[in-house]
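>>> pasted the sequence and its predicted model underneath.
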Amino acid sequence: MSVKLRAHHLLCMLTYVGRGYTPAFTANYDAIITRLGAGETIELVAGPDDVCGPLLGIGQPHCHNDSVIERDRLARLAVADLLADIDLAQPFQLDQTTLTALRAAFSTGHIRPACTGCEWSGLCDSVAQAGYAGASLSIGRC
């Protein structure tokens, strides 16, 4: 089974430190991080994904907004450029080398055009500036 992720959530995973919109959202995110750390594959999808799940039944979630769809488009382009040797149309596993490359590119801003206007950007900035200390995702974690 693969974790279904929007492209911009692949970026969010890099700096996730256990904060989210609701307790249910955070618990779900923690479970996804554990699955990825244990080696489950990622399937990039368009539209709401496994991270969005807890928000979909509450009011009008932002998951369908044009701004989020554009964020996904920009993130996918940036990630595809960086990870040119990975077929993003197929499920792929996040290994330590890939995670390190993504975090390095995130720190320099290379893959952050999708982050413009995101309410979490300041938190992500501080996590990246601290060398990802406290970030939840690590490879080989069960």
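Alright, I've got the coordinates.
>>> rest of the way, CA atoms for contacts and neighbours
Noted.
>>> which parts of this structure are strands?
All strands of the chain, identified by DSSP state E, fall at 2-5, 41-44.
>>> closest to Val127 out of those?
Taking C-alpha to C-alpha, strand 2-5 is the member of these nearest to Val127, at 21.0 Å.
>>> list the contacts for Ile86?
Counting by C-alpha atoms under 8 Å, 6 or more residues apart in numbering, Ile86 touches 80, 92.
>>> now do the one 3 residues further on
The contact partners of Ala89, by C-alpha under 8 Å, 6+ apart, come to 43-44.
>>> what about 10 Å?
Contact partners of Ala89, counting by C-alpha atoms under 10 Å, 6 or more residues apart in numbering, are 43-45, 80.
>>> okay if I get the strands of the chain as JSON lines plus distance to Asp50 and mean neighbour count?
Compiled in JSON lines, these are given as follows (distance: least, C-alpha to C-alpha, whole Å; neighbours: other C-alpha atoms under 10 Å):
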{"stretch": "strand 2-5", "distance to Asp50": "5", "mean neighbour count": "20"}
{"stretch": "strand 41-44", "distance to Asp50": "10", "mean neighbour count": "21"}
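>>> nearest to Tyr21, of these?
Nearest to Tyr21, of all those, is strand 2-5, at 17.3 Å by C-alpha to C-alpha.
>>> nearest to Cys118 among the strands of the chain would be which one?
Of all these, it is strand 2-5 that lies closest to Cys118, at 17.3 Å by C-alpha to C-alpha.
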